[in-house]
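Peer 1: just need the structure, nothing else, for what follows:
(one chain, ligands or ions: 2)
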Amino acid sequence: MEDLREKYEVVIGLEVHADGCEFGNEQNTEISAITLGMPGVLPVLNKAVVDMGILTGLALNCEIAHKCKFDRKQYFYPDLPKGYQISQYDEPICGKGHININGKTIGITRAHLEEDAGKLVHVGSDGIAGSNYSLVDLNRAGTPLLEIVSEPDMRSPQEAREYMEELRNIVRYVGVCDGNLEEGSMRCDANISIMPKGSKEFGTRAEIKNVNSFKALERALEYEIYRQIEIVEEGGEVVQETRLWDDNAGVTRSMRGKEDAHDYRYFPEPDLMPLEISQEWIDRIKASMPELPEQKRQRYMGLGLSEYDASVIVAQYELAMFFDKVLELGANPKMAVNFMMGEIAAYLKEQKLSINDSKLTPENLVELISLIEKATISNNIGKQIIADMLANGEKASDIVEKKGLSQISDEGAIKEIVQKVIDANPSQVEAYRGGKDKLFGFFVGQVMKETKGRANPQSVNKLLKDMLG
Ligand code: ADP
Ligand code: MG
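Peer 2: Numbers count the residues shown, from 1 in each chain. Ligands and ions are numbered 1, 2, ... in the order given. Here you go, the predicted model:
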């Protein structure tokens with residue numbers, strides 16, 4: 001199968017839904033007469049939704065339409081009481097755009113506003129099969145979302161994942177969506193086809209739904225590549241259809257033949273006016289644009305961070321916000337990032353926490369760094385006490401005082417200890433003086449042991465050199 005894969009090129013395009021609302025409240029407690037399709041009720045467009053659409057579109061380098069309209073998409077599904085969804089068909093709010101992932105540009109075809117449907121809960125099943133009945137939760141119905149459609153520009157499941165991750169970063173940074181895949185605030189339909197290498201004509205695509213994590217996205221696409229290769233190799237044809245990813249079984253299953261646009265009988269939504277967006281409106285939103293992930297990465301690299309460190313921090317929104325606060329408070333960026341990528345990251349990973357769930361504040365990290373810079377404590381002591389700071393929210397200076405950890409920089413005091421170590425280890429001293437240079441580390445270790453790591457390392461080195469001669 002590996003060899004066969006070499007014969008084919010993979011083509012992937014994603015349709016990503018970014019939801020602008022938070023969920024989690026009790027089922028069916030946030031519904032309105034409009035959602036339920038009561039007779040005579042009329043929908044109203046929320047201006048903030050248009051603001052968010054423009055903001056996200058600009059962040060995706062999209063052309064913003066000066067004129068757009070809403071359309072009715074008709075279909076029956078139990079999570080859609082009205083029997084139609086208000087969407088945008090041929091005049092979306094955002095036209096062509098693009099984003100960059102690791103030096104490659106992925107085109108955005110369009111992004112349009114639409115209302116969300118409700119959610120079906122299939123009771124007693126793994127979400128795919130085996131359920132006897134389903135419950136409807138309409139909290140989400142009627143809430144706004146932006147559907148972002150990419151060009152078929154991705155060539156591997158990993159690229160699809162990177163694109164999706166960057167998209168999530170962007171919607172988080174502009175503040176329109178928390179980007180949580182598991183909770184459904186961000187959802188994606190993955191379109192994938194294969195074609196023989198060198199071919200100019202794309203193959204027939206399958207559309208995969210129900211991918212609820214980055215891992216699932218990659219796995220579903222991997223599975224689909226092999227399924228399609230097998231069909232083609234056996235002389236068959238891939239059919240255009242919608243397939244569901246079953247995360248437990250690790251397979252995609254045919255759900256329904258793919259419907260075409262005309263099946264939905266789109267027509268202009270009579271209950272909402274077409275929308276006119278002035279240049280002034282767009283400019284106003286542009287002026288409010290927060291720093292985007294790409295710009296943040298560049299700024300961090302300008303401060304001396306490696307590309308890797310900058311990317312890791314930017315990829316975790318909370319961490320980047322924390323780091324920005326630390327920088328704002330004037331801390332040395334390299335020292336801060338070393339703590340964040342080292343001890344702090346290890347602690348958070350072990351405790352399965354995000355930085356905001358820990359008790360460490362930016363102020364406390366900055367204080368710790370300043371204690372090290374002032375040589376009140378050594379870097380090593382800093383590394384030891386950061387765990388307490390994360391767990392208890394203690395200030396570095398309080399821990400240092402309580403535990404007597406301040407650095408010994410007084411040469412006289414260190415000299416005494418060095419002498420003590422020399423006296424206690426006559427045979428090592430003899431061996432060292434006889435040419436066994438490697439033993440130097442042993443003496444440093446002994447002095448550090450005597451001082452519980454508190455001796456100023458530079459002074460220890462200097463005095464040991466002098467006194468061992
Ligand atoms: P639909 O609603 O019918 O799925 P859209 O235009 O909203 O149509 O989305 C189509 C998606 O499929 C886009 O992301 C596009 O890039 C992708 N796509 C189109 N053709 C192919 C193909 N041959 N292989 C893979 N992806 C494709
Ligand atoms: Mg689709």
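Peer 1: mind checking the SS state of Asp79?
Peer 2: Applying DSSP: H, G, I helix; E, B strand; the rest coil to Asp79 yields a three-state assignment of coil.
Peer 1: quick one, phi psi at the residue nearest to it when sequence neighbours are not counted?
Peer 2: Closest residue to Asp79 in three dimensions, ignoring its sequence neighbours and counting by CB to CB, 6 or more residues apart in numbering: Gly118, at 3.7 Å. To be clear about C-beta, it is placed using only N, CA and C from the backbone, and glycine gets the same treatment. Reported as degrees, to the nearest 10, the phi and psi values for Gly118 are phi -80, psi -170.
Peer 1: contacts only, for Gly118.
Peer 2: In this structure, Gly118 makes contact with Thr35, Asp79, Leu80, Pro81, Val136, Asp137, Leu138, Asn139, Arg140, Ala141, judged by CB atoms under 8 Å, 6 or more residues apart in numbering.
Peer 1: now, which of the residues you listed sits nearest Phe443?
Peer 2: Nearest to Phe443 among these, counting by CB to CB, is Arg140 at 67.2 Å.
Peer 1: tell me the pLDDT of the closest one.
Peer 2: Note for Arg140: predicted pLDDT of 91.
Peer 1: what's the local residue count around the residue nearest to it when sequence neighbours are not counted?
Peer 2: Counting by CB to CB, 6+ apart, Asp116 is the residue found nearest to Arg140 once chain neighbours are left out, at 4.9 Å. Here the neighbour count serves as a burial measure; for Asp116 (other CB atoms under 10 Å) it reads 23.
Peer 1: what score does Asp116 have for pLDDT?
Peer 2: Here, the pLDDT recorded for Asp116 equals 93.
Peer 1: so how far is Cys94 from it?
Peer 2: Note on Asp116: its distance to Cys94, by CB to CB, to the nearest Å, is 18 Å.
Peer 1: over to Glu411?
Peer 2: Noted for Glu411: a distance of 67 Å to Cys94, by CB to CB.
Peer 1: check which residues of the strand or helix carrying His112 are buried.
Peer 2: Here His112, judged by DSSP states H and E, is contained in strand 104-115. Using 16 or more other CB atoms under 10 Å as the test for burial, strand 104-115 gives Ile106, Ile108, Thr109, Arg110, Ala111, His112, Leu113, Glu114, Glu115.
Peer 1: quick one: residues contacting the last one.
Peer 2: Spelled out, it's Glu115. Residues in contact with Glu115, defined by CB under 8 Å, 6+ apart, are Pro43, Gln85, Ile86, Ser87, Ala141, Gly142, Thr143, Pro144, Leu145.
Peer 1: and the protein, which of its residues are near ligand 2?
Peer 2: Within the chain, the positions adjacent to ligand 2 are Glu15, Asp189, Glu207 by CB under 5 Å from the ion.
Peer 1: beta partners of the second one?
Peer 2: Beta-bridge pairing of Asp189 under DSSP bridges involves Glu15.
Peer 1: how much space is there between it and ligand 1?
Peer 2: Asp189 sits 7 Å away from ligand 1 when distances are taken as CB to the nearest ligand atom, to the nearest Å.
Peer 1: so that residue touches Arg205, yeah?
Peer 2: No. With contact defined as CB atoms under 8 Å, Asp189 does not reach Arg205; the gap is 10.6 Å.
Peer 1: of these two, who's got more company?
Peer 2: Per other CB under 10 Å, whichever of Asp189 and Arg205 has more neighbours is Arg205, with 21 against 17.
Peer 1: can you read off the pLDDT for that one?
Peer 2: Confidence score, pLDDT, at Arg205: 96.
Peer 1: quick one: stretch 217-228 near ligand 1?
Peer 2: No. Interface with ligand 1: stretch 217-228 contributes nothing (CB under 6 Å from any ligand atom), its closest point being 10.2 Å away.
Peer 1: residues contacting Phe202?
Peer 2: The neighbourhood of Phe202, defined by CB under 8 Å, 6+ apart, consists of Val11, Pro152, Ser193, Met195.
Peer 1: residues touching Ile225, list them.
Peer 2: Neighbour list for Ile225: Arg5, Tyr8, Val10, Pro157, Ile192, Ile194 [criterion: CB under 8 Å, 6+ apart].
Peer 1: and the residue of the stretch 51-200 of the chain nearest ligand 2?
Peer 2: Proximity of the stretch 51-200 of the chain to ligand 2 (CB to the ion) peaks at Asp189, 4.8 Å away.
Peer 1: do the same with the stretch 351-469 of the chain
Peer 2: Here the stretch 351-469 of the chain gets closest to ligand 2 at one residue, Ser354, 32.5 Å apart by CB to the ion.
Peer 1: okay, and the closest residue to that residue other than its chain neighbours sits in which element?
Peer 2: On the basis of CB to CB, 6+ apart, the spatially nearest residue to Ser354 that is not a chain neighbour turns out to be Glu318, at 5.1 Å. In this assignment (DSSP H and E), Glu318 forms part of helix 317-328.
Peer 1: thank you, goodbye.
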